[in-house]
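Peer 1: Following is a predicted model, sequence given first.
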Amino acid sequence: MLAERGAAVRPISGGTDVMVMIKDGVLKEKELLDLSRLEELRYIKEDGELIRIGARTTYREVERSPVINAYAPILVEASKTIGSVQIQNLGTIAGNLGNASPAADSVPSLYVLEARVKLASVNSEREVGIGEFFLGPRKTVRRPDELITEVSFRKMEPGSHFFFKKLGLRSANAISIVSAAGILKLSNGKIDWLRLALGAVAPTVIRSPTAEERARGAELNEDSIRAIAEGASTDARPITDIRGTAEYRKKAVFGLVYEALYEIMSGSGKRVVFGLEGRG
Amino acid sequence: MTQETYELYRYLNRSIPRLDSEQKVRGELKYLTDVYPEGMLHGYVLRSTVAHARILEISTEEAERAPGIRAVLTYKDIPGINGYGAIVPEIPVLAYERVRYYGEPLALIAADSMEQAKAAAEMIKVRLEPLPAVLDVDEAMAEKVKIHDKGNVARHTVVKRGDVSKAEAQAHLVLERTYRTPMQKHMFIEPEGGYAYVDGSGVVHVLAGGQSPYRDKLQISRVLGISPEMIRVKNYPTGGAFGGKDDATVQIHLALLAYRTRKPVRLAWTREESGIAGYHRTASKITIRTAVDREGRLLSNSAKIVLDSGAYQSFGPTILDVSIETINGPYRVPSYLIDAYLVYTNNGIASAFRGFGAPESNFAIESMMNELAAELGIDPVEIRLRNILRTGEEGPFGNVIRNSAGLEEALNRARSSGIWRRANGSGWIKEGVGVAVAIKGVGFGTLPDYPSAAVEVIPEGKVRVMFTNPDYGQGVITGIAQLAAERLQIPVSEIEVINADTMHSPDTGSSSASRTTLTAGSAVVQAIDEALSKLRVEAASSFGASSSEVQYSGGRFMYRDRSVTIYELARRLRQKGRSLRFEATFEVPRYPEPVEGTLEVPHMMYMYGVALVRAGVDALLGKVNVKEVEFYADIGNVINPSIASGQVEGGVVQGLGYATIEEYRYSDDGRPLNINFTTYVVPTARDSPEMYVEFVKSYDELGPYGAKGVGEIGIIPVGAALAEAVYRATGKRIRDLPITPWKLV
Amino acid sequence: MKVEVELGGTYIYDYGGRLHSLDLPEGATVENALDALGIKERIYIVIIRNGKAAKPEDELHDGDRLVVFPPIGGG
């Protein structure tokens, strides 16, 4: 079906975004391809150093997966903040990718996990890095005849610190004004490396090179935290819309990153502990 | 009945479950938009997609010939007056000559299917000459673009007493501040909708969500040009309203389509249509200047109140009145000068919304009281205790305060609350506690109000109670059933309520202005007294005694060792062919003369509330997190504590939404931007703070069994109390709601 | 016969004040009283005669008290 008339067809799984677009009359495609019974795309697999998540896997399944909790707990954090329990029960990570909203809440975590997205058509299969997958708001490299089939990434390093922070106008069912995901490796109070991704501050989710550069080798203290958070704010290129002004979004990026790193410094942040998630 | 009998009630002061809750929980109760009548047509409204324009042409010929189309109506097809509106019939039922807001109805379609209706709508030829959209009240008052030929000020009035400039000259401190509040959408769960049909005798039946079936009936009558007797309106059950269904929504359109096609028609707005064309709360801009002496006693108050009415007036003039009455708070204000404007813009239509006019003005006066307290170094509760009116004093509008004990008690409870000691932020989380006081009149003030109700004693063992104030979720039918049970001294299970149906009940008026307990309650009690006095005569004659010798208790009349139940008496009356239905009309007590320059100021009965809000503010993100709300209220005797608390809690959460995240907005060319639950964000259960609601002991002899009202009190003081909490936490004064994060960083 | 009329709401401003004493011929109806006051509205109007709802065609009696107002509703 996608091979024949892919441009007119929108693949749909949980429908938590697509149904809203249909209701608002903004969905371009005329036909839907229902993937919800494709059980073979519903899996979470450990594959050596890799984790593979099938396109049909829901946020709820991600949240409850012992594998994800052990090796990629940042994705558990992100999944819990998405919409409401009802949306988590239906929505899928592949759907979040396909919809390509710059405010998508699972995507920043996938950026810092340096995930790869598998795309398949009737007679080909390819994998692209998450950073190359998105072209802009609602735009991806997926060709009309392709389907997202899998997302994969390396397991997080034991002992690494991580966070996902989201700022919405309310506590449930809120679309992010800004969001930030980060993974941080500390040795003897010094930052080996930081991977930091920001949501809703640019046409796609972005990594923050300035913040990551400032973090490398720095002592984790109030001064460095401030510098890193300022770096993140510099890299943000937000717009003004109904959920917030550009100027505010830049300040909020600073706030989210500052608070997240401060929590890690003060010992209240989260850490990867293989086998179970724990506090550092 | 006096306060001393408080503990003796059998059916009052009791939290019985709502009579319709089981049906609602099971999903069995059919709302009027759940009904799809057999053989019905689908109603559809073609709406303007510009905010302001001259209409050059609306041609329907092609649409009329489209498949499945039973009617296409424009202003030309209206048999009576093309106008409605609760106060002035100036809102076109279908646009004529001009379009004044985005979403204004241009044509009505009835079709065999919704797809056919929409297809036909596309075929209607509409030519509009766009005019500049006026979206700001100051711009409207400059009168460069006229929205109405008569000008952009719908109403201007000045209300004053004493010499303000003299008071200001003698004052220790005079503060002037400008406060703003936004448009707010009701966001009820059931959007506007219902169905209509014409019966064999030509009566037009309109069954739709609403708040005022008799007013709906008169509005329909005026537009259809037929007698009100030929129209029936039913509003029960309605899935939420909050004022947004007080003026007509779908009712007139439904009646027009059914009257024209002679077929059942269903018309239900989508959520987005409700977002575009439904009513909203007036935005306000209030500049207030208040003079005080060294001890913080008010010497004078002046205010310029500007309310954004949108394209037409609806309840505008009375909203303006309530804002005028509220701007002096519950305080002793020796002199004041209130300059009030109701202004047209192209921002939809502003109409009733819980407390209308009161949350707007309350934010100004209560924020001012908090600013004065801070300037003078006086405790914010103390400054209010120094200024509130006490029993027997004359209020600012000439009204004598009959009973202020409740407010003083509520303030004392607020002062000694532990909440003040619980503000303890750390790091970037700053915490503060804020207070504000609310006063709200119950009912229509000096407007004449004669609610009627009926009761019918059914020999099979029920008493049917009939009144028309719709129950749209407030629990009205339960509260009134409890009052009826108390009066009759029979269990609530023997009371059967028929609600909001002009076919069964005389006119009790609307569910609005927190008036239903007072109006339906008093009228029902009076109708029951009528019934009991007639039945007493019947009982006495059967006993061979005089009426005065007969005792009544627990549903039976007694004389010596003999007794007879009201049901047995009803059976005998029925055999004699006598009516078992008793009607009564209650005259709502009021001051005879409105204050000069107003329609309805002052009221005779007031509710009071004191809100304490504890909030945390993330100093880096500007995000406000409301942790805790305490609310002390004087609502008179409490009929059903659980339902009454629910009303206060619901009002508080709606007030927190208003104060933090809700703001209905238009684009620069007048297109509404946030029209559904995705874009117009309201608080969820997870955003609700810890809440404590306490009703201070109070009894108002003007109300049924000392009860007043409750529906609107919760929402009113929340904005000012939260703004003060934020000030205490951060040192920042926010004078324009909502307190969004970007105003704090 | 004498009939006392009290106007309410906007009618106070539209029809010359709140209280009016009318001297009407025997057999006059509510409608005649409305005419005497210059009130043309017959549908969107509430008429209370001696505390109970009344209609334009109802006959009046000496000493009747009318309260007449538009069914506006306030807050």
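Peer 2: Ah, there it is.
Peer 1: Find the nearest non-adjacent residue to B:Y552, please.
Peer 2: B:L532 (6.3 Å; CB to CB, 6 or more residues apart in numbering or on different chains). Using the backbone N, CA and C atoms, a C-beta is placed for each residue, glycine as well.
Peer 1: Could you check the helix or strand in which the one you found is found and say which residues are buried?
Peer 2: Secondary-structure assignment from DSSP states H and E places B:L532 in helix B:516-543. Of all the residues in helix B:516-543, those buried under the rule 16 or more other CB atoms under 10 Å in any protein chain shown are B:516-528, B:531-532, B:534-536, B:538-540, B:542-543.
Peer 1: Tell me how far B:Q482 lies from B:V437.
Peer 2: For B:Q482, the distance to B:V437 equals 29 Å [CB to CB, to the nearest Å].
Peer 1: who has more neighbours, those two?
Peer 2: B:V437 (30 against 26; other CB atoms under 10 Å in any protein chain shown).
Peer 1: Now for the more buried one: which residues touch it?
Peer 2: Contacts for B:V437 were tallied using CB atoms under 8 Å, 6 or more residues apart in numbering or on different chains; they are B:329-330, B:366, B:369, B:384, B:388, B:407, B:411, B:608-611, B:717.
Peer 1: average pLDDT across stretch B:644-657?
Peer 2: The pLDDT scores in stretch B:644-657 average 98.
Peer 1: just checking, the residue nearest to B:Y552 touches B:S553?
Peer 2: No. B:L532 sits out of contact with B:S553 when judged by CB atoms under 8 Å, with a separation of 11.3 Å.
Peer 1: Quick check: longest helix in chain C by residues?
Peer 2: Scanning chain C for the longest helix, with DSSP state H as the assignment, gives helix C:30-37.
Peer 1: Partner strands of the very next helix or strand once past that one, with direction?
Peer 2: Note on helix C:30-37: by DSSP H and E, the next helix or strand toward the C-terminus is strand C:46-49. Applying DSSP bridges to the sheet, strand C:46-49 is found paired with strand C:52-53 (antiparallel), strand C:65-69 (antiparallel).
Peer 1: and among those strands, the most buried is which?
Peer 2: strand C:65-69 (a mean of 20; mean count of other CB atoms under 10 Å in any protein chain shown).
Peer 1: what angle separates that one from helix C:30-37?
Peer 2: 70 degrees (axes from the mean of the first three to the mean of the last three CA atoms, to 10 degrees).
Peer 1: What lies in contact with strand C:65-69?
Peer 2: Strand C:65-69 has contacts (CB under 8 Å, 6+ apart) with B:447-448, B:450, C:3-9, C:11, C:30, C:33-34, C:37, C:39, C:45-50, C:54, C:60.
Peer 1: Neighbour count says what about those? Which are buried?
Peer 2: Using 16+ other CB under 10 Å as the burial test, the contacts of strand C:65-69 include B:447-448, B:450, C:3, C:5-9, C:11, C:30, C:33-34, C:37, C:39, C:45-49, C:54, C:60 as buried.
Peer 1: Packing partners of whatever helix or strand B:A196 lives in?
Peer 2: In this assignment (DSSP H and E), B:A196 forms part of strand B:193-198. The contact analysis (3 or more CB pairs under 8 Å, 6 or more residues apart in numbering or on different chains; DSSP states H and E) places strand B:193-198 against strand B:204-208, helix B:251-261, strand B:265-268.
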